[in-house]
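Novice: From the sequence below, what's the structure:
(one chain, ligands or ions: 1)
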Amino acid sequence: MDISTRAIHTGQDPDPTTGATIPPIHLTSTYTQASPADHKGYEYSRTGNPTRANFEKVLADLEEGQACAAFASGMAATTAVTSLLRPGDRAVAYGDLYGGTYRVWEQVFRPWGLEISYTDETSPATFAKLIDAKTKLVWLETPTNPLLRILDIKTIAEIAHERGAILVVDNTFATPVLQQPLALGADVVVHSTTKYLGGHSDVVGGAVIVAKAEQLEPISFYQNAAGGIPGPFDCYLAHRGVKTLSLRMERHCSNALEIAKHLQGHKNLESVVYPGLSDHPDHQLAAEQMKGSGGIVTLVVKGGRDGAYRFCERIKVFALAESLGGVESLVNHPGVMTHGAIPQEIREARGISDGMVRLSVGIEAVADLIADLDQALEA
Ligand SMILES: *Cc1c(COP(=O)(O)O)cnc(C)c1O
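Specialist: Reported below is the predicted structural model:
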């Protein structure tokens, strides 16, 4: 069945006791046993909860994986995957990485003994050079944030596997509707469900999905041992959001493309970055690897930081806020907001300039969004 159908039906069996079409939210921390260790599969809600299990089921299905573990945030999911490594192991990643991933690696895992190498080149060959005998894990985000470069998942997965490493893809920006990393050879997918999967900017969450069920064992162990789980109500909310993911992604993509085309060549912009534009450096790869170019458009405003600040202050329909992927449009200044944890010289070397603003294009009427962008850019 199509992903849009599975998003609605997987993990949504009617409640066997009442017939409730929508399964109840299991607000319980514990489960009554008939006799010691004689239970119905649940003992304590850190270890397992039926509302969380339903949510994990639909995410595994959408990513075409075999199993999923949900976490209290995207960062908790990232930490769970990183905990598979041991001191002295190496992780290799593309440098244009979510700021929080960079922060937890550099400030928590490096002092603990993790070795990390970054590349600023998108070509799979540079990954091949960085992966040494100590490398256990290769980590990608694609599209990257905020530069929207596209990395070749299939080729990088082959290179990682030849050298005995696993490939992890943070699929938050693309979602399984636009890109399926496990089908392309990745071993693990990580999500911040806070973004498109939840889709309504009202719940923080994360998830890890694996290609093979046995790969989930150490992740589930970590989930129960460290305890960074989402509550049942959070799982319910995010699961409710997932049901409309396909429809929302269609509109995010069409709105973003129309906005990118409209703003291309604007007199007050230095550049418009969107993988769906033919002048994007990875346009061809995006067309092959993705079913749409996503809902994020990055702009470089003329006038550096002052120009970007004026734009952020004048825009009205777009809210000036961190995060992305909700139904409402947001604008963010990566240098100061989402990527503030990355030292300025590293940010600039990576091309995250002070004039840069990142749009998370929502699903409002595109004419209203374009009118708002036009008035804000007139300043
Ligand atoms: C937001 C985000 C994260 C972190 O997720 P939280 O839910 O905020 O902890 C990780 N990766 C990407 C690409 C993100 O956008």
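Novice: In three-state terms, label the closest residue in space to residue 243 that isn't next to it in sequence for me.
Specialist: Closest residue to residue 243 apart from its sequence neighbours, by CB to CB, 6 or more residues apart in numbering: residue 8 at 4.9 Å. For glycine as for every other residue, the C-beta is placed from the backbone atoms N, C-alpha and C. Classification of residue 8 using DSSP: H, G, I helix; E, B strand; the rest coil returns helix.
Novice: Do a quick rundown of the strands in this structure.
Specialist: Taking DSSP state E, the strands of the chain run over residues 67-71, 90-94, 115-119, 135-141, 166-170, 188-192, 206-210, 269-273, 296-301, 319-320, 330-332, 356-360.
Novice: and the closest residue to the ligand within the stretch 51-200 of the chain, how far is that from residue 324?
Specialist: Evaluated by CB to the nearest ligand atom, the stretch 51-200 of the chain has residue 74 as its residue closest to the ligand, separated by 2.2 Å. From residue 74 across to residue 324, the span is 12 Å (CB to CB, to the nearest Å).
Novice: quick one, which of the two is more surrounded?
Specialist: residue 324 (28 against 23; other CB atoms under 10 Å).
Novice: Enumerate every residue touching the residue nearest to that one when sequence neighbours are not counted.
Specialist: Counting by CB to CB, 6+ apart, residue 324 lies nearest to residue 360, which is 3.5 Å off, once chain neighbours are set aside. Residue 360 is in contact with 295, 296, 323, 324, 325, 326, 329, 330, 331, 332, counting by CB atoms under 8 Å, 6 or more residues apart in numbering.
Novice: Kindly state the beta-bridge partners for the last one.
Specialist: Yep, that's residue 332 we're talking about. residue 358 (DSSP bridges).
Novice: so what's it scoring on pLDDT?
Specialist: Reported pLDDT at residue 332 in the predicted model: 96.
Novice: swap in the fifth one?
Specialist: Per-residue pLDDT puts residue 325 at 98.
Novice: before we move on, back to that, want to throw the contacts of residue 360 into TSV with distance to the ligand?
Specialist: As requested, these are arranged in TSV below (distance: CB to the nearest ligand atom, whole Å):
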residue	distance to the ligand
295	12
296	10
323	7
324	6
325	8
326	12
329	16
330	12
331	15
332	11
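Novice: Please tell me which one of these counts the most neighbours.
Specialist: Neighbour max across the contacts of residue 360 (other CB under 10 Å) = residue 295, 31 neighbours.
Novice: tell me the pLDDT at the closest residue to residue 351 other than its chain neighbours?
Specialist: Nearest residue to residue 351 in three dimensions, chain neighbours excluded: residue 147, at 5.9 Å (CB to CB, 6+ apart). Residue 147 is assigned 93 on the pLDDT scale.
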